[in-house]
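Q: 3D model of this:
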Amino acid sequence: MSDIFREVDEDLRQERYAKLWSRFGKYVIGAAVSVVVVAAVFITWQNVTESRRQAEGEQFAEALALARDGATAQAATAFNRLAENSGSGYRALARLQAAAALVKAGSVDDAVAAYDQLATDGSVDRILRDLGALLAALHRFDTANNEEMLQRLGPLVLDSNAWRYSAREMQALVYRRSGDTEQSRSLLQALADDQDAPNGIRSRAAELLGVIGGEG
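A: Residues are numbered from 1 along each chain as shown. Now for the predicted structure:
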């Protein structure tokens with residue numbers, strides 16, 4: 001009889017993890033979008049004429065409007081067209097937005113492929129390449145095995161990486177999913193105690209620690 005209760009308890013824990021990740025994934029994406037907006041202000045002013053900046057800015061805004069209106073397929077097409085023709089910072093941003101539109105349209109595999117392609121493009125600024133890698137990992141989380149996830153996250157959790165905190169948060173969830181509760185708890189505790197980590201990630205790490213606190 002005790003085995004039945006243990007199985008029920010484990011099922012309840014797994015359901016709580018699924019709900020927590022469902023919530024937290026949105027925050028990761030939100031943080032990524034915020035950084036992209038900040039990056040846009042900076043990199044699109046590099047080595048581009050005023051007229052070209054204005055034209056590409058208008059195209060980018062039009063594509064964003066399509067995405068906001070739910071016309072995801074048209075938005076993806078518009079972003080890809082801008083990415084192909086732009087020589088400025090809008091090129092990388094358009095590729096990120098095109099992949100995001102594919103996610104909204106339900107073409108997650110195509111979006112992951114686009115993120116992976118961006119992540120390996122040496123002509124793109126490092127912070128945006130790593131953002132592509134992070135978003136690819138995020139959208140593979142539910143379908144990839146633990147080995148693939150840890151491999152994807154490996155370069156992103158290094159101290160030198162701008163996305164290390166989000167990557168470590170995801171890494172902790174992968175370890176928990178694999179059954180390595182101690183490693184997961186260690187990573188989450190480090191995040192919760194790190195004064196340099198974003199407040200949202202620190203608070204979520206503390207909440208997750210509360211969920212696994214009673215596990216042996």
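Q: So which residues of the protein form helices?
A: Per DSSP state H, the chain has helices spanning 2-43, 50-68, 72-85, 90-104, 108-119, 126-140, 146-153, 164-178, 181-193, 199-212. These are given in chain order.
Q: Verify the contact between Met192 and Leu209 for me.
A: To be clear, residue 192 is Ala; Met isn't right here. Yes - in this structure, Ala192 sits in contact with Leu209. The criterion is C-beta atoms under 8 Å, and the distance is 6.2 Å. No exception for glycine: its C-beta is placed from N, CA and C like everyone else's.
Q: Give me the number of neighbouring residues for Glu207.
A: Other residues near Glu207 number 14, with proximity taken as other C-beta atoms under 10 Å.
Q: and it, how far is that from Gln189?
A: Between Glu207 and Gln189 the distance, using C-beta to C-beta, to the nearest Å, works out to 13 Å.
Q: Just give the nearest non-adjacent residue to Ala206, would you?
A: Taking C-beta to C-beta, 6 or more residues apart in numbering as the measure, Ala206 lies nearest to Ala192, with 4.6 Å between them; neighbours along the chain are not counted.
Q: Now for the one you found: which residues touch it?
A: By C-beta atoms under 8 Å, 6 or more residues apart in numbering, Ala192 lies in contact with Arg202, Ala205, Ala206, Leu209.
Q: rerun at 10 Å
A: When the contact criterion is C-beta atoms under 10 Å, 6 or more residues apart in numbering, the partners of Ala192 are Ile201, Arg202, Ser203, Arg204, Ala205, Ala206, Glu207, Leu208, Leu209.
Q: thought the first one was touching Leu191?
A: The one in question is Ile201. Yes - taking C-beta atoms under 10 Å as the definition, Ile201 is a contact partner of Leu191 at 5.9 Å.
Q: Now list whatever residues contact both of those two.
A: Common neighbours of Ile201 and Leu191 (C-beta under 10 Å, 6+ apart) are Tyr165, Ser166, Arg168, Glu169.
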